[in-house]
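S.K.: Predicted model follows, preceded by the sequence.
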Amino acid sequence: MRLWHEQLIPLLPKNQLLGQHRECCALRGNGWNKKHKTVDYAFSYTPYHLFIFHSLVMDEMEKRGYKVSEEWRDKNYRGKTAEKYDNLEEKMIESPIYKEHNGEYLMECIENLRNKGIKIEL
């Protein structure tokens, strides 16, 4: 489980991009607040932050020609089995969406991809 640094989203290979979408769906749904050391920081923010991050992923998927289920574009949607939010509060969120996505984390993500045989050029 990992949320890639947001600068990497447009550069991710197909498998990592689609995997990131699945990850976001799981976290937005019943995975919300389920502890996992690489994504625990996300739970210290509002679920709206994850929605905005997921939107970046879905935008990139659509740019590449993938069809995203429209339900996920609803900030209150949490999947088929999780109860929708009543009215998730919208806020202005600056980049990076997660403050943990700093330069050090970017290098960590690039190294993680490199270890998978994926070379990323910024």
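M.R.: Sure thing, it's come through.
S.K.: And the helices in this protein, which stretches?
M.R.: Using DSSP state H, the helices found in the chain span residues 14-28, 47-63, 103-115.
S.K.: Pull out the buried positions in the shortest one.
M.R.: Think helix 103-115. Buried residues in helix 103-115, counted by 16 or more other CB atoms under 10 Å: Tyr105, Leu106, Cys109, Ile110, Asn112, Leu113. All C-beta atoms are positioned from the backbone trio N, CA, C, and that covers glycine.
S.K.: quick one: average pLDDT of stretch 111-120?
M.R.: The average pLDDT within stretch 111-120 is 96.
S.K.: how distant is that stretch from the center of its chain?
M.R.: 19 Å (CA atoms, centre = their mean, to the nearest Å).
S.K.: List the contacts of that stretch.
M.R.: With CB atoms under 8 Å, 6 or more residues apart in numbering as the test, stretch 111-120 has contacts from Arg2, Leu8, Leu11, Pro13, Gln16, Ile110.
S.K.: Now do the end-to-end distance for it.
M.R.: Using CA to CA, to the nearest Å, the end-to-end distance of stretch 111-120 comes to 9 Å.
S.K.: Glu62 touches Val68, doesn't it?
M.R.: Yes - the pair Glu62 / Val68 is scored as a contact, 6.0 Å apart, by CB atoms under 8 Å.
S.K.: Have a look at those two and say which one is more surrounded.
M.R.: Each of Glu62 and Val68 has its neighbours counted (other CB atoms under 10 Å); Val68 has more, 15 against 11.
S.K.: got the contact list for the more buried one?
M.R.: With CB under 8 Å, 6+ apart, Val68 has these contacts: His21, Met58, Met61, Glu62.
S.K.: List only buried entries from those.
M.R.: Buried residues within these, counting neighbours by 16+ other CB under 10 Å: His21, Met58, Met61.
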